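Chemist: Here is a sequence with its predicted model. Questions after.
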Amino acid sequence: MPELPEVETIRRDLSTRVVDKKIIALDARDHKVADKNLAKILVGKKFIKIERRGKLLAFLLSDGQYLLAHLKMTGQLIYKEKRTRSKEKIVAGGHKISPSDLQVPNNFTRVIFSFVDKSQLFFNDMRRFGYLKLASADEKEKIFNENFGIEPLTENFKFKNFSALFARRKTNLKALLMNQKLIAGIGNIYADEACYCAGLLPWRKAGSLTAGELKRLFSSITEVLKVALKNRGTSFDDFVDAQGEKGGHYNFLNVYERDGEKCRRCKSIIKKTRHAGRGTHFCLKCQK
DNA sequence: GTGTTTGTTATCAA
DNA sequence: CTTGATAACAAACA
């Protein structure tokens, strides 16, 4: 479930690897995931830089267009230096190595970029929610501006803008934090983690937070995302970085997927319910 | 066979 | 018009 720290990890990894390399071939084998005329446009071009807004990546092409990439739930972007054998590897005992062992390409590989230096970029997506699509510079700018709210970890993320989102809002905290049009990049994991860090229950009405609580939440979001990014993201099943390696933040989670385990702060049991249609984890003693 | 997982959007309701 | 709540989507796993 790539959220801001995971997508930013991939952006940084790929920025040092695929930028400025000529694309010599494109294998778009799944037309649900990849724009139909992708190959026609991309072959012969280069990526100039990679931008990110929330969980959306935007690769600037040498012709001024953008390639937008969204990983949704199970998307992966994996870079390999050299062309790999395409046949599944057979290990001792005769069973095939599963896709989670990350041989690429595999059954879930939807698009393959081949670069002039023989390196390749694989877009995998088990559930096929993700996409690659082209957008003009204007279209990309419109999407960036209209679909995403304030961007954490940037200088646009100011307390004044942040607290304004909560005034008179009737929705609950969790739904607000995950609303991309208000705050960009937070999903289920970091919404729960930020609420725990701030000591606030996720079903609190947004408009009920005091100035002090808002201050705590504001700094908690920055802290949680910053640490997760430093640890290169959280991996459960699917997330891997551009080298195919799992993120290191799993063992630092305080509540997400820790229901039934002891709160690290007060030792009471972490509980799980459902809010905003999502699994929601919390410590009743530490969060009010 | 059933329930569960989640990012985003469509749809309906207030 | 704005805001909110919920179902739906896809696919695999326990």
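Modeler: It's in.
Chemist: In contact with A:Val33, which residues are there?
Modeler: Going by C-beta atoms under 8 Å, 6 or more residues apart in numbering, A:Val33 touches A:110-111, A:123, A:125, A:128, A:130-132. Placement of C-beta: from N, CA and C, glycine included.
Chemist: can you check A:Phe123 too?
Modeler: By C-beta under 8 Å, 6+ apart, the contact set of A:Phe123 is A:33-34, A:69, A:75-77, A:109-113, A:130, A:132.
Chemist: could you pick out which of those residues are near DNA strand C?
Modeler: Checking those against DNA strand C by C-beta under 7 Å from any atom of the strand, not one of them is in range.
Chemist: would you list those residues in CSV and tack on secondary structure?
Modeler: Shown next, in CSV, are the contacts of A:Phe123 (DSSP: H, G, I helix; E, B strand; the rest coil):
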residue, secondary structure
A:Val33, coil
A:Ala34, strand
A:Ala69, strand
A:Gly75, strand
A:Gln76, strand
A:Leu77, strand
A:Thr109, strand
A:Arg110, strand
A:Val111, strand
A:Ile112, strand
A:Phe113, strand
A:Gly130, coil
A:Leu132, strand
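Chemist: closest to A:Lys160 among those?
Modeler: Of all the contacts of A:Phe123, the one sitting nearest A:Lys160 is A:Ala69; the distance, using C-beta to C-beta, is 32.1 Å.
Chemist: my guess is A:Arg265 is in a helix, correct?
Modeler: No: per three-state DSSP, A:Arg265 lies outside any helix segment and is coil.
Chemist: which residues does the nearest residue to it once chain neighbours are set aside contact?
Modeler: Nearest residue to A:Arg265 in three dimensions, chain neighbours excluded: A:Cys286, at 5.3 Å (C-beta to C-beta, 6 or more residues apart in numbering). Each residue near A:Cys286 by C-beta under 8 Å, 6+ apart is listed here: A:196, A:199, A:263, A:265-266, A:268.
Chemist: now stretch A:277-288: how far from the chain's centre is it?
Modeler: Distance, stretch centre to chain centre, for stretch A:277-288: 22 Å (C-alpha atoms, centre = their mean, to the nearest Å).
Chemist: tell me the contacts of the residue nearest to A:Leu229 when sequence neighbours are not counted?
Modeler: Sequence neighbours aside, A:Pro5 is the residue nearest to A:Leu229 in space, at 4.1 Å (criterion: C-beta to C-beta, 6+ apart). A:Pro5 is in contact with A:190, A:225, A:228-229, A:231-234, A:247, A:249, counting by C-beta under 8 Å, 6+ apart.
Chemist: Could I get the full set of strands for the stretch 101-250 of chain A?
Modeler: In the stretch 101-250 of chain A, the strands defined using DSSP state E, counting those that start in this stretch lie at A:109-115, A:120-125, A:131-135.
Chemist: need the residues of the stretch 101-250 of chain A near DNA strand C, please.
Modeler: Residues of the stretch 101-250 of chain A found near DNA strand C (C-beta under 7 Å from any atom of the strand) are A:107, A:126-129, A:169-172, A:175, A:206.
Chemist: And these, which of them are buried?
Modeler: Neighbour counting with 16 or more other C-beta atoms under 10 Å marks A:126, A:169, A:172, A:175, A:206 as buried within these.
Chemist: Any chance of the residues you listed in a markdown table with pLDDT as columns?
Modeler: As requested, those are exported to a markdown table (pLDDT from 0 to 100):
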| residue | pLDDT |
| --- | --- |
| A:Met126 | 89 |
| A:Arg169 | 91 |
| A:Asn172 | 93 |
| A:Ala175 | 93 |
| A:Ala206 | 94 |
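Chemist: And these, which two are furthest apart?
Modeler: The span of those, defined through C-beta to C-beta, is set by A:Met126 and A:Arg169 at 35.2 Å.
Chemist: Mind checking the pLDDT average for stretch A:35-55?
Modeler: For stretch A:35-55, mean pLDDT rounds to 93.
Chemist: Quote the end-to-end distance of it.
Modeler: Using C-alpha to C-alpha, to the nearest Å, one end of stretch A:35-55 lies 19 Å from the other.
Chemist: So that stretch, near DNA strand B or not?
Modeler: Yes: counting by C-beta under 7 Å from any atom of the strand, DNA strand B is contacted by stretch A:35-55 at A:54-55.
Chemist: now that stretch, how far from the chain's geometric center?
Modeler: 18 Å.
Chemist: that older thread, of the contacts of A:Pro5, which are in range of DNA strand B?
Modeler: Of the residues in these, proximity to DNA strand B by C-beta under 7 Å from any atom of the strand holds for none.
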